[in-house]
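>>> Take this sequence and fold it.
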Amino acid sequence: MILEALHTKINAVINAYAMIGDIDAVVPFAVYSADQSILRSKGGIEGYEYTVRISVVSESLSECLTKSGLIKTAIESLIGTTTNSTTFDIIQKQSETQRPDTSTMRYINDFSYLITTQNP
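Predicted structure coming up:
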């Protein structure tokens, strides 16, 4: 459900991998994960809230930030759309941090979103 939508949007910008990057991944690339919480009401399950974490890895800080910006635009474009019966209701950016990885001489931009979906 949500992972397919995330993969489609992120992979349109840069090679994307769920959870961890492929050992042979070509830089630049992104890795992503989504942790789910159920939203319940008196009537049952109303939807889900996801904490989505995305990391973009590049050898250049400017490329890292450019790709991250394109991914953020793509993720935010999911608002109001439905993918495989998942309707994206609210998408809020939570945090963003850039860091160098001195062991690999690469830059990493970590950012996260809180995404709320509705049941059809």
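
>>> What count of nearby residues applies to S55?
S55 has 20 neighbouring residues, counting by other C-beta atoms under 10 Å. Where you see a C-beta, it was placed from the backbone N, CA and C, and this is true even at glycine.

>>> ok, now which ones touch it?
Applying C-beta atoms under 8 Å, 6 or more residues apart in numbering, we find S55 in contact with 30-32, 108-111.

>>> can you rerun that using 6 Å?
Under the criterion of C-beta atoms under 6 Å, 6 or more residues apart in numbering, the neighbours of S55 are 31, 108, 110.

>>> Name whatever forms a beta bridge with it.
Beta-bridge pairing for S55 (DSSP bridges): V31, D110.

>>> okay, it: pLDDT?
Per-residue pLDDT puts S55 at 96.

>>> how much space between it and L6?
Separation of S55 from L6 (C-beta to C-beta, to the nearest Å): 13 Å.

>>> Kindly report the same for S62.
Taken as C-beta to C-beta, the span from S62 to L6 is 24 Å.

>>> Also M19?
M19 is 11 Å from L6, by C-beta to C-beta.

>>> Name the residue in those two with the higher neighbour count.
A count of neighbours by other C-beta under 10 Å puts L6 above the other of M19 and L6, at 26 against 10.

>>> Phi, psi for the more buried one please.
With angles defined as degrees, to the nearest 10, L6 sits at phi -60, psi -50.

>>> just G80 next, same as before
Torsion angles at G80 (phi, psi; degrees, to the nearest 10) stand at phi 80, psi 0.

>>> which residue packs closest to it, ignoring adjacent ones?
Leaving aside its sequence neighbours, G80 sits nearest to F88 (C-beta to C-beta, 6 or more residues apart in numbering; 6.7 Å).

>>> Whichever strand or helix holds the one you found - contacts with which helices or strands?
Secondary structure from DSSP states H and E places F88 in strand 86-101. Under the contact criterion of 3 or more C-beta pairs under 6 Å, 6 or more residues apart in numbering; DSSP states H and E, strand 86-101 touches strand 106-118.
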